[in-house]
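Visitor: here's my sequence, what's the structure:
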Amino acid sequence: MNLNFIPSALVILRFLIGPFLLWDSWDGKTSIWFVIAFVVAFLSDIFDGIIARRLGISTAQLRQADSWADVCLYICVAASAWLTHPEILMAFQIPLLAGVSAQLLWWVVNLVKYGKPASYHTYSAKFWGITLFVATVALFGFNYGGITLWLSIIVCILHSAEEIAMTLILPTWQHDVLSIFHALKLREQQLE
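Guide: A predicted model of the protein is given here:
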């Protein structure tokens, strides 16, 4: 039985869950289905890469689609947060703007250098994903935006800084570069 469709199906699932989250929050409140769907999306993000690597089909295209699915999902989560918890977002407006600015700078640096976004899937990205998961569940499941949101913003800024540095270090576009140390080693190999 050919299971090669599973990673792509998990990425597509994440693309579809994002708009569902937005739809669920459209009236200014969310149902339990919001958190359940978000957990499913988070798990799909974990397992699409694991399964792709096990099947030997972890291509640059699949990794880029994975990154775009994440962007779609979290734009929908951010819009949902604005619809349901604007007071929390306003209380965190300066740190949130700093995090968004760091991500926008990351996009600009990658677009200028490579003509497309990077798809590194670093350890810091994985850690940021975990903090985003915790902050999202805390916000939508428990109406809490304190330490969990702060931690997610701080990790976002650190992660963005690492990946900007990686883009400046690497001479060519690469996918699945786990850290700045891996990027330095890759650069050394490419320049030999």
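
Visitor: could you give the number of residues near Thr167?
Guide: The burial metric for Thr167, expressed as a neighbour count using other C-beta atoms under 10 Å, is 22. (Glycine included, C-beta is placed from N, CA and C.)

Visitor: for whichever strand or helix holds it, give the mean pLDDT please.
Guide: For Thr167, the host element (DSSP states H and E) is helix 147-169. Averaged over helix 147-169, pLDDT sits at 97.

Visitor: tell me which helix or strand comes right after that helix.
Guide: The C-terminal neighbour of helix 147-169 among helices and strands, as given by DSSP H and E, is helix 180-191.

Visitor: other SSEs contacting that next one?
Guide: Contacting helix 180-191 under the criterion 3 or more C-beta pairs under 8 Å, 6 or more residues apart in numbering; DSSP states H and E are the following elements: helix 147-169.

Visitor: the helix it packs on versus helix 180-191: what angle between them?
Guide: Comparing the axes of helix 147-169 and helix 180-191 via axes from the mean of the first three to the mean of the last three C-alpha atoms, to 10 degrees yields an angle of 10 degrees.

Visitor: returning to that earlier point: now do the buried residues in the helix holding Thr167.
Guide: Residues of helix 147-169 classed as buried under the neighbour-count rule (16 or more other C-beta atoms under 10 Å) are 148-149, 151-153, 155-157, 159-160, 162-164, 166-167.

Visitor: for the spatially most central residue of the chain, give me the pLDDT.
Guide: The central residue of the chain, meaning the one whose C-alpha is nearest the mean C-alpha position (C-alpha atoms, centre = their mean), is Asp70 at 4.6 Å. Among the per-residue scores, Asp70 holds a pLDDT of 92.
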